[in-house]
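Asker: Dropping the sequence and predicted coords here.
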Amino acid sequence: MIRGAFTVGAWTMASRVLGFARDILIAAVLGTGPVADAFFVALRLPNLFRRLFGEGAFNAAFVPSISAIMHQEGLEAATSFAEETTAVMALWLGGLTILGEIFMPWVLYVLAPGFAGNGGKFALAVALTRIMFPYLFFVCLTALFSGVLNAMSRFAAAAAAPVLFNVFAIAAMLGLAPYTANPGFALAWGITVSGIAQLGLVVWAIRRAGMRFTMPRLRFSPRIRSLFRRMGPALLGAGVTQLNVSIDIIIGTLLPAGSVSILYYADRVNQLPLGVIGTAAGTALLPMVTRHIALGEEGEASTAMNRALESVLMLTLPAAVGLAVAGKAVMDVLFVRGAFTEHNAILAGHSLAAFALGLPVFALVKVFTPGFYARGDTMAPLKIGIAAVALNLCLNLVFMHPLKAVGPALATTLSSAFNAALLLVLLRRRGHFTLDALSRQRVPRILLSGAVMAVAIYGAERLLPAGKSNIPEFLLLVAVGAVFYFGPGILLRAFALDEVLRILRRRRARAAG
């Protein structure tokens, strides 16, 4: 599992780094102006489908199903199931894409109600969304084939596909923007083309893995019906974090101009550790827990979840502390150039701090949900997810006026903490998960190390000159945080560093061989 998580995490890191390069370019050109607001709202709709299907509902239902078929009946039966799923998904996604193109103005009245009073911004958002909306067709089929690869324990190509999203967006920004009405149109076309490229990559990887697809036939077999029954409830249950972010965008359009862009930039920084750590752990954990449960190894399944919990907490906590305490310095170094001002960085830094406080619980949701999905239970996460979405909406309405752009971020953090807590309580009541002796020893020590780090960074930041942070000052804060987190962690024996080092040594030995 950990080797798979490292593979997914490495490619996700590459995607995030390129994503930052893309966002730095966007910030320099668009800042937080009207084109930026319109573009980020337009990106939200296809991106919501990408995250729900790539990281949520579809994987949660499809990966356990095809994993069980592959291990019990063999590759030929798994290939037939994948072909049937492809045919049904292609039909449904094609129809959804056509309806979206036709009714896009009405969709955006719901997604961006605050733009309705600004005719130019609303029209631009509709045009950009229509260009990007076909991306969901290609990226959701990419998620299907990525699920096949994950079930075969081949994680590299599926994790590498999102890299192409950023490569094509950057290329369009640099090469196509001079020939379009504004850079937002160039970005929109680049994103749609990237969906085609991602689909091509995973299809090629499946053929390399030995699975030979034929022309899919449209059949609603018992297996397909079972898959979609499981997938329907999971659409909300597994994607609650993304639904919460969508509510944030809706509220953001009702806030002062530029709030949508500020929330986007803050969330993008927050997504780096979440994607690299939380999503990677969840992707690798689901097939492993499914296999243990299929073999009747409940103890091993609980142990795998304990080690995943420790790993994501160990890695997300320092990121959460650093981004929360030094959020403004992060924004200064990453984005303050061109159209993105220091004042924008202050506002975005406040929103980033509110998002970052929830990083550990965002990641723990990714760890706890496989405990339900591996047992075929998608209803429990659905019910908890609906409650979390309702809480998020209520908190947004309470926070939006006094806290402005910080309100949606803080509401998302609190509702995600509520989500993770209820998932944990339900798993414990059912006897599917409990903290073992090792986790009970390590978790409090990890939390104590994070508290020491927070105090150290706060003190160091007070000693630095006021104003815009530069790269040396930022690197100093990073060094202080690393020393005062990993130092106490090692002294307290909070981290299993020997296990990580053994894995890395094995990977280097295989590479040399």
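Answerer: On my side now, so go ahead. Numbering: from 1, shown residues only.

Asker: What count of nearby residues applies to the closest residue to residue 35 other than its chain neighbours?
Answerer: Spatially, and ignoring its direct neighbours in sequence, residue 35 is nearest to residue 184 (4.9 Å; Cβ to Cβ, 6 or more residues apart in numbering). C-beta coordinates here come from the backbone N, C-alpha and C atoms, glycine included. By other Cβ atoms under 10 Å, the residues close to residue 184 number 27.

Asker: Residue 394 now?
Answerer: Residue 394 has 12 nearby residues by other Cβ under 10 Å.

Asker: what does residue 212 give?
Answerer: 9.

Asker: Tell me which residues touch it, please.
Answerer: By Cβ atoms under 8 Å, 6 or more residues apart in numbering, the contact set of residue 212 is residue 79.

Asker: can you list the weak-confidence ranges in the stretch 201-350 of the chain?
Answerer: 215-217, 232-245, 275-287, 294 (pLDDT under 70).

Asker: And the helices in it?
Answerer: Ranges of helices in the stretch 201-350 of the chain, per DSSP state H, counting those that start in this stretch, are 222-237, 240-253, 259-273, 280-294, 298-325, 327-335, 342-356.

Asker: Export these to TSV and append columns for distance to residue 33 and mean neighbour count.
Answerer: Output for the helices of the stretch 201-350 of the chain, formatted as TSV (distance: least, Cβ to Cβ, whole Å; neighbours: other Cβ atoms under 10 Å):
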stretch	distance to residue 33	mean neighbour count
helix 222-237	34	18
helix 240-253	15	24
helix 259-273	8	26
helix 280-294	34	24
helix 298-325	25	22
helix 327-335	14	23
helix 342-356	10	23
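
Asker: just to revisit the earlier point, right, and the residue nearest to residue 35 touches residue 39 too?
Answerer: Yes - here residue 184 reaches residue 39: they are 4.3 Å apart, a contact under Cβ atoms under 8 Å.

Asker: Which helix or strand in the protein has the lowest average pLDDT?
Answerer: Of all helical and strand segments in the chain, the minimum by mean pLDDT, DSSP states H and E falls on helix 497-512, at a mean of 51.

Asker: measure residue 20 to residue 272 for me?
Answerer: 7 Å (Cβ to Cβ, to the nearest Å).

Asker: Mind listing what's buried along stretch 390-397?
Answerer: Under the neighbour-count criterion of 16 or more other Cβ atoms under 10 Å, stretch 390-397 has 391, 392, 393, 395, 396 buried.

Asker: ditto for stretch 184-200
Answerer: So stretch 184-200, judged by 16+ other Cβ under 10 Å, has buried residues 184-199.

Asker: try stretch 482-498
Answerer: Buried residues in stretch 482-498 (16+ other Cβ under 10 Å): 484, 485, 486, 488, 489, 492, 494, 495.

Asker: What about the closest residue in space to residue 271 that isn't next to it in sequence, how many residues nearby?
Answerer: With Cβ to Cβ, 6+ apart as the criterion, residue 271 has its nearest non-adjacent residue at 7.3 Å, and that residue is residue 16. Close neighbours of residue 16, defined as other Cβ under 10 Å, add up to 22.

Asker: Please apply the same query to residue 127.
Answerer: Counted with other Cβ under 10 Å, residue 127 comes out at 17.

Asker: which stretch of helix or strand covers it?
Answerer: Per DSSP states H and E, residue 127 falls inside helix 119-132.

Asker: Give me the helices and strands touching that helix, please.
Answerer: With contacts taken as 3 or more Cβ pairs under 8 Å, 6 or more residues apart in numbering; DSSP states H and E, helix 119-132 sits against helix 34-55, helix 75-111, helix 183-208.

Asker: and residue 66, what element?
Answerer: helix 57-73.

Asker: next one: that helix to chain centre, how far?
Answerer: Distance of helix 57-73 from the chain centroid (Cα atoms, centre = their mean, to the nearest Å) equals 21 Å.

Asker: All good on my end, thank you.
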